[in-house]
Structures are given as C-alpha cells and as structure tokens.
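[1] After the sequence you'll find the predicted model.
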Amino acid sequence: MKIRRIFLFIFFISSCDPDPLQEWKKLKESSSVFVLVVYCEKHNDLTIQVECEEVRALGKSEIEAILSRQLDLGAKKVIVPREKGREIQMAIRAHVPWAIRYGEIWNSIVILE
C-alpha cells in the first residue's frame, strides 16, 4: 500500500506542468535572447507576453545587425559562431514572421563557424 502511494505521489509531481513564469525566470537568467524567443513561440502564455515582445524586438535587431554586416562586406558571406548561429536559426524557424522575412536571406548569407 505504501509503495502504491509513493508511486502515485511521484506520478502526480512529475505530471504537473511547471509554472511558466518560474520557467521563464530560469531561462531568462541563463539563456540567450533566441532561446527565449523559441520558448515564447512554444508557450503562448499571457503572463509573459510583454516580456516576449521585448525579447522578440531584441532578437530582431540582432538578426538585422548581423545581416547588415553583409552589406559592408560586399559579396562575401557573414561568419557567425556556430552555437549562436544555431540558436538564431531555431528562433527564425520558430517565429513565423521571422521565417518569412529572414529565412532564405539567413541561409544564403550566413556561414556558421
């Protein structure tokens, strides 16, 4: 009987969804803007919508800054560190307006190194 109760207790705790606000705070402390954008796209929570808009604005300006470097280089491609580039690619894919606006441009201009 005790084993059954323990099992039910563990099942109950593991099946509970984490508080989105707590999860957001942890991510905000340890993750980049682009990881936060992906989180916002996956979790449409009203409690963090203002923060999500701020994060999207920061991400958008960073993407545009990277892409504008190509204009300075002429015909050359822009080199971005591999880990950061992958985070940006995930964010571009996750946020539909960015996918439409930046997807093809990013793939043709940026080299991950």
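    Now that the structure is in, tell me what you want to look at.
[2] Report the mean confidence score over whichever helix in the chain runs longest.
    Longest helix in the chain, counting residues (DSSP state H): helix 49-73. What helix 49-73 shows for mean pLDDT is 92.
[3] Strand partners (parallel or antiparallel) of whichever helix or strand comes after that helix?
    Downstream of helix 49-73, the next assigned helix or strand under DSSP states H and E is strand 78-80. Strand 78-80 sits in its sheet next to strand 110-112 (parallel), going by DSSP bridges.
[4] elements contacting the longest helix of the chain?
    helix 33-42, strand 78-80, helix 82-94, helix 96-109 (3 or more Cβ pairs under 8 Å, 6 or more residues apart in numbering; DSSP states H and E). For every residue, glycine as well, the C-beta is placed using N, CA and C.
[5] same thing but 10 Å
    In terms of contacts (3 or more Cβ pairs under 10 Å, 6 or more residues apart in numbering; DSSP states H and E), helix 49-73 is packed against helix 20-30, helix 33-42, strand 78-80, helix 82-94, helix 96-109, strand 110-112.
[6] In this structure, what helix or strand scores lowest on average pLDDT?
    Least confident helix or strand, the chain: helix 2-15 with a mean of 50, by mean pLDDT, DSSP states H and E.
[7] Give me the contacts around stretch 84-102.
    Under the criterion Cβ atoms under 10 Å, 6 or more residues apart in numbering, residues 31-42, 52, 55-56, 59-60, 62-64, 66-67, 78-81, 103, 105-107, 109-113 lie in contact with stretch 84-102.
[8] how long is that stretch end to end?
    16 Å (Cα to Cα, to the nearest Å).
[9] what's next to stretch 63-70, contact-wise?
    Contacts of stretch 63-70 (Cβ under 10 Å, 6+ apart): 33-34, 76-80, 84-85, 88, 91-92, 98, 101-102, 105-106, 108-110.
[10] Now, of the residues you listed, which are buried?
    Buried members of the contacts of stretch 63-70, scored by 16 or more other Cβ atoms under 10 Å, are 33-34, 78, 80, 85, 88, 91-92, 98, 102, 106, 109-110.
[11] Identify, from those, the entry nearest to D72.
    For the buried ones among the contacts of stretch 63-70, the residue nearest D72 by Cβ to Cβ is V78; the value is 9.2 Å.
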